[in-house]
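Novice: Provided below are the primary sequence and the corresponding predicted coordinates.
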Amino acid sequence: MVEKKAGDIISRATAHFDAQEREFVEVDEWGDESGALTVYWTPMTIGDRTKIAAKTKGRDGPESLVEVIILKAQDEDGNQMFTLNDKMALNHHTDSRVLVKIASAIMRDEIDGQAEGN
């Protein structure tokens with residue numbers, strides 16, 4: 001058996017992550033005259049999950065959906081779509097069904113990836 005060095009393994013692990021394509025969901029409800037808004041995201045990391053858990057005190061609930069969207073939603077160029085300054089508006093002045101649609105797509109990607117690994 002060939003012994004692997006930790007640096008080699010971590011390089012391959014991070015290369016695997018970096019090679020993954022961003023996923024996306026089309027959001028007709030937030031589109032404009034040119035069409036639906038496209039929300040992109042990169043795969044969830046342990047760091048992402050930790051940030052979300054810390055902000056929601058470990059509770060899975062409606063507030064975690066907004067945290068997922070703020071943390072992961074990107075535009076076509078990879079820029080964050082939302083900041084913490086948008087949290088109040090997302091929580092209180094947007095259609096929760098649209099938030100569920102976006103966050104569910106992001107989290108479904110995570111769940112699908114876990115299922116593939118089993």
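Specialist: Now that the structure is in, tell me what you want to look at. Numbering: from 1, shown residues only.
Novice: Break down the protein into its helices, ranges please.
Specialist: Secondary structure of the chain (DSSP state H): helices located at 6-19, 46-55, 62-72, 87-92, 96-117.
Novice: Name the single longest strand found in the chain.
Specialist: As assigned by DSSP state E, the longest strand anywhere in the chain is strand 23-32.
Novice: Give me the contact list for that strand.
Specialist: Contacts with strand 23-32, where a contact means C-beta atoms under 8 Å, 6 or more residues apart in numbering, come from 36-41, 43, 95, 98, 101-102, 105-106, 109. For glycine as for every other residue, the C-beta is placed from the backbone atoms N, C-alpha and C.
Novice: Between which two of these is the distance greatest?
Specialist: Comparing every pair within the contacts of strand 23-32 by C-beta to C-beta identifies Pro43 and Asp95 as the most remote, at 26.4 Å.
Novice: of the two, who's got more company?
Specialist: Between Pro43 and Asp95, Pro43 has the larger neighbour count (other C-beta atoms under 10 Å), namely 16 against 10.
Novice: So, low pLDDT: which residues of this structure?
Specialist: 1-4, 6, 58, 109-118 (pLDDT under 70).
Novice: so can I have a markdown table of the helices of the chain showing distance to Glu29 and mean neighbour count?
Specialist: A markdown table is the format used below for those (distance: least, C-beta to C-beta, whole Å; neighbours: other C-beta atoms under 10 Å):
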| stretch | distance to Glu29 | mean neighbour count |
| --- | --- | --- |
| helix 6-19 | 31 | 9 |
| helix 46-55 | 23 | 14 |
| helix 62-72 | 14 | 21 |
| helix 87-92 | 14 | 13 |
| helix 96-117 | 5 | 14 |
